[in-house]
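Asker: Build me a structure from this.
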Amino acid sequence: MTPTPLQQSRDNFILGMARISHFWGFPKAMGAIYGAIYLSSQAISLDELVVQANVTKGAVSTNVRHLERLGMVHKIARIGERKDYYTAETDFWKVIKGILREREKSEFDRALRSVDDSLALLDPKAVKGFSSEEMELAGFYRQRMNAMQTFFRALDQLVAMVMAFDSLRIGALRKLMGGAAVGPGTSDKEK
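Answerer: Numbers count the residues shown, from 1 in each chain. A predicted model of the protein is given here:
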């Protein structure tokens, strides 16, 4: 049976999300699952995701948990049903924050620590027995690693600024609206 243009569009979108996910270093299945949940007008079960994202039940289960940790999907429980259902986070700002937070926490810190550790091995006290040729190479390594360390720290600060921007955004909107309620951080007193 030939797929309808609607099905083709949906499948193409899910494939595109899988590619984007892979580009960002996540499994393709994770992107496909998010795409399927995002295009679903109602909460969707794991069984339905197996069919729609065309991945195994095990992959769906693992990747949905990861998407939940990133804040990209939300679990919905229905009274009288044993299945869990999922909806997509549609605030892309929250999605980006979740991804940045996860990336920074897991891999970025590890990369920064490895540069710090590598530089510590080239401490002038540690290279006392080096030949002049080795000292020259150690100096070259230090120069390159220092440049990378500076870049990583700047990137770390940039991510921290992006994360902090959300609270500034809400504060700016409050000011603009004369103190009116504008978002999830709004207290009951302001409502």
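Asker: From here on, just use CA atoms for contacts and neighbour counts.
Answerer: Fine.
Asker: contacting residues around the helix or strand of the chain with the lowest mean pLDDT?
Answerer: Least confident helix or strand, the chain: helix 92-103 with a mean of 77, by mean pLDDT, DSSP states H and E. With C-alpha atoms under 8 Å, 6 or more residues apart in numbering as the test, helix 92-103 has contacts from 69-72, 89, 159, 162-163.
Asker: Does the following helix or strand past it pack against any helices or strands, and if so which?
Answerer: Of the helices and strands lying after helix 92-103 in sequence (DSSP states H and E), the nearest is helix 109-121. Applying 3 or more C-alpha pairs under 8 Å, 6 or more residues apart in numbering; DSSP states H and E, one finds that helix 109-121 contacts helix 132-176.
Asker: Please name every helix or strand in contact with the helix it packs on.
Answerer: Here helix 132-176 touches helix 92-103, helix 109-121, going by 3+ C-alpha pairs under 8 Å, 6+ apart.
Asker: Geometric centre of the protein: which residue is closest?
Answerer: Nearest to the mean C-alpha position of the chain, by C-alpha atoms, centre = their mean, lies I99 at 1.4 Å.
Asker: Let me know the distance separating that residue from G25.
Answerer: I99 is 11 Å from G25, where distance means C-alpha to C-alpha, to the nearest Å.
Asker: And A164, how far from R101?
Answerer: To R101, A164 is 11 Å away according to C-alpha to C-alpha.
Asker: the more surrounded of these two?
Answerer: The neighbour comparison of A164 against R101 (other C-alpha atoms under 10 Å) goes to R101, with 16 against 12.
Asker: so who does the spatially closest residue to H22 that is not a sequence neighbour touch?
Answerer: Leaving aside its sequence neighbours, H22 sits nearest to K28 (C-alpha to C-alpha, 6 or more residues apart in numbering; 5.1 Å). By C-alpha under 8 Å, 6+ apart, the contact list for K28 reads 17-22.
Asker: Also G71?
Answerer: Here G71 is in contact with 89, 94-95, 98 (C-alpha under 8 Å, 6+ apart).
Asker: from those, which two are the most distant?
Answerer: E89 and G98 (10.7 Å; C-alpha to C-alpha).
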